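Engineer: need a structure here:
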Amino acid sequence: MKKIAIIMGGYTEEFIISLKSGKVVYENLNREEFDPYQIYIFRDKWVLIGEKKKEYSINKQDFTILLKSNQILKFDCVFNSIHGTPGEDGILPAYFHLLKIPYTGCNFHQANVTFNKKYCLTLLKEFGINTAVSFFLNQNQPFCEKKIIKKIGLPCFVKPNRSGSSLGISKVYKKEELFPAIKKAFKEDDEIIIESFLKGIEISVGVISFNHEITVLPITEIISKNDFFDFESKYNEGSQEITPARLLPNIENKIQKLVKKICKILNLSGISRSEFILVNGEPFFLEINTVPGLSKKSIFPKQLNVAGISLSNLFKKLIDFSIKNSKNL
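Structural biologist: Modelled structure (predicted):
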């Protein structure tokens, strides 16, 4: 029976969602094939919590655990359910790569590129993918608000460059709001991105990819009750999510082809979820998540349900694929 470390937590506010995602993975792994362990990764500790809430520390040298019976617990595969750093940005995947431990999700190179909005958008633009007009800014870099507004226009969005779940994002309507929004974004990251506002329909597209066999899940249309699809909208009933989205067949087909193209460009494997704005029927790429939320309120599991794909079956495929391809580590 394969021993699976389900890593959850992380170093950002997204840890709350990660704990819920990890629990879903733990509950849906087939116990006849897998022996799952819930591993909590935080800045101050990496631990397995066993019976009676006893904590067992992770040996970071080799990612093993010394149990009370003096047995050493080694893992056959790591199931990554950490949103944000250090799970989604490639840091932990690179660590497991060095230790030659199979891990779910894309390669650490791809994780780093996709998590960094500047890298990802710049790369995809080279392949003709539509994106919003953007302006990148590093902390302590001098800038002129008038020049930014002249290029981007108003309203616009100010976002941390490397952050998920819409943390630190502001929608700016007036020039006076720009500097406070920039200050807010810099609290999350030392690099930020300012993007033009795209008026249209927001959609989310889940994908499963194994050996370039790409399955596009039913598309979700997002109608936010707030000004935009922020953290509250995503996780506190602040939006209406319609799956499958109300799209014309030709538009749906266009999106499916585009998502497959993006997955091939980025060389992704495992699962991912991409966000787009449809402007007059043309999809504009916003961002991609390579460790999408798996909690009961998350979009990805709802798309799986509409597609008739069980979580248990998907998780098995992710683990089997990771172990099979571990020879490349």
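Engineer: can we go C-alpha only for contacts and neighbour counts from here?
Structural biologist: Will do.
Engineer: doesn't Pro86 make contact with Ser115?
Structural biologist: Residue 115: Phe, not Ser. No. The criterion here is C-alpha atoms under 8 Å, and Phe115 misses it with Pro86 at 10.7 Å.
Engineer: so for the two, which residue has more residues nearby?
Structural biologist: Phe115 (24 against 19; other C-alpha atoms under 10 Å).
Engineer: how about the secondary structure of the residue nearest to that one when sequence neighbours are not counted?
Structural biologist: Nearest non-adjacent residue to Phe115, counting by C-alpha to C-alpha, 6 or more residues apart in numbering: Asp89, 5.3 Å away. Under DSSP: H, G, I helix; E, B strand; the rest coil, Asp89 falls in the coil class.
Engineer: contacts only, for Thr114.
Structural biologist: 89, 120, 266, 287-290 (C-alpha atoms under 8 Å, 6 or more residues apart in numbering).
Engineer: what do you get for Phe179?
Structural biologist: Here Phe179 is in contact with Glu145 (C-alpha under 8 Å, 6+ apart).
Engineer: pretty sure it belongs to a strand, no?
Structural biologist: No. Read with three-state DSSP, Phe179 is helix and lies in no strand.
Engineer: how close does it get to Ser166?
Structural biologist: 18 Å (C-alpha to C-alpha, to the nearest Å).
Engineer: and what of Ala111?
Structural biologist: Using C-alpha to C-alpha, one obtains 18 Å as the distance from Ala111 to Ser166.
Engineer: can I get the contacts of Thr114 in CSV with distance to Ser170?
Structural biologist: Below are these laid out as CSV (distance: C-alpha to C-alpha, whole Å):
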residue, distance to Ser170
Asp89, 22
Cys120, 20
Leu266, 28
Glu287, 16
Ile288, 19
Asn289, 19
Thr290, 23
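Engineer: just the residues you listed: which are in helices?
Structural biologist: 120, 266 (DSSP state H).
Engineer: show me how to select, in PyMOL, the buried members of the contacts of Thr114.
Structural biologist: Here is the PyMOL command that picks out the buried ones among these, judged by 16 or more other C-alpha atoms under 10 Å:
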select buried, resi 89+120+266+287+288+289+290
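Engineer: over to Lys146: give its phi and psi.
Structural biologist: phi -60, psi -40 (degrees, to the nearest 10).
Engineer: can you check the pLDDT for the residue nearest the centre of the chain?
Structural biologist: A centroid search over the chain (C-alpha atoms, centre = their mean) returns Asn289, at 2.8 Å, as the residue closest to the centre. With respect to pLDDT, Asn289 scores 96.
Engineer: again, but for Glu232
Structural biologist: 55.
Engineer: same check on Lys327?
Structural biologist: With respect to pLDDT, Lys327 has a value of 64.
Engineer: kindly report the same for Gly50.
Structural biologist: 82.
Engineer: if you rank every helix and strand of the protein by mean pLDDT, what lands last?
Structural biologist: One helix or strand of the chain scores below all others by mean pLDDT, DSSP states H and E: helix 231-235, with a mean of 51.
Engineer: next structured bit after it?
Structural biologist: Sequence order places strand 239-242 as the next helix or strand after helix 231-235, per DSSP states H and E.
Engineer: parallel or antiparallel, list what pairs with that next one.
Structural biologist: Strand 239-242 has the following sheet partners, assigned by DSSP bridges: strand 220-224 (antiparallel).
Engineer: list the contacts of the partner strand.
Structural biologist: By C-alpha under 8 Å, 6+ apart, strand 220-224 touches 201-205, 229, 233, 238-246, 299, 303.
Engineer: show me the contacts for Lys187.
Structural biologist: Contacts of Lys187 by C-alpha under 8 Å, 6+ apart are Gly168.
Engineer: one more time with 10 Å, if that's ok
Structural biologist: 139, 160, 167-168 (C-alpha atoms under 10 Å, 6 or more residues apart in numbering).
Engineer: just Leu73 next, same as before
Structural biologist: Taking C-alpha under 10 Å, 6+ apart, one finds 3, 58, 63-67 in contact with Leu73.
Engineer: how does it look with 6 Å?
Structural biologist: With contact taken as C-alpha atoms under 6 Å, 6 or more residues apart in numbering, Leu73 is in contact with 64-65.
Engineer: could you check how far it is from Thr64?
Structural biologist: 6 Å.
Engineer: mind listing the helices for the stretch 151-300 of the chain?
Structural biologist: All helices of the stretch 151-300 of the chain, identified by DSSP state H, counting those that start in this stretch, fall at 178-186, 231-235, 249-266, 299-307.
Engineer: pull the CA atoms of the first one into PDB?
Structural biologist: Provided in PDB are the C-alpha atoms of helix 178-186 (Å, rounded to 0.1, in the frame of the first residue of the first chain):
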ATOM      1  CA  LEU A 178      -3.900  54.300  -7.200                       C
ATOM      2  CA  PHE A 179      -1.200  54.900  -4.600                       C
ATOM      3  CA  PRO A 180      -3.100  53.300  -1.700                       C
ATOM      4  CA  ALA A 181      -3.900  50.300  -4.000                       C
ATOM      5  CA  ILE A 182      -0.200  50.000  -4.900                       C
ATOM      6  CA  LYS A 183       0.700  50.200  -1.200                       C
ATOM      7  CA  LYS A 184      -1.800  47.500  -0.400                       C
ATOM      8  CA  ALA A 185      -0.500  45.200  -3.100                       C
ATOM      9  CA  PHE A 186       3.100  45.600  -1.900                       C
END
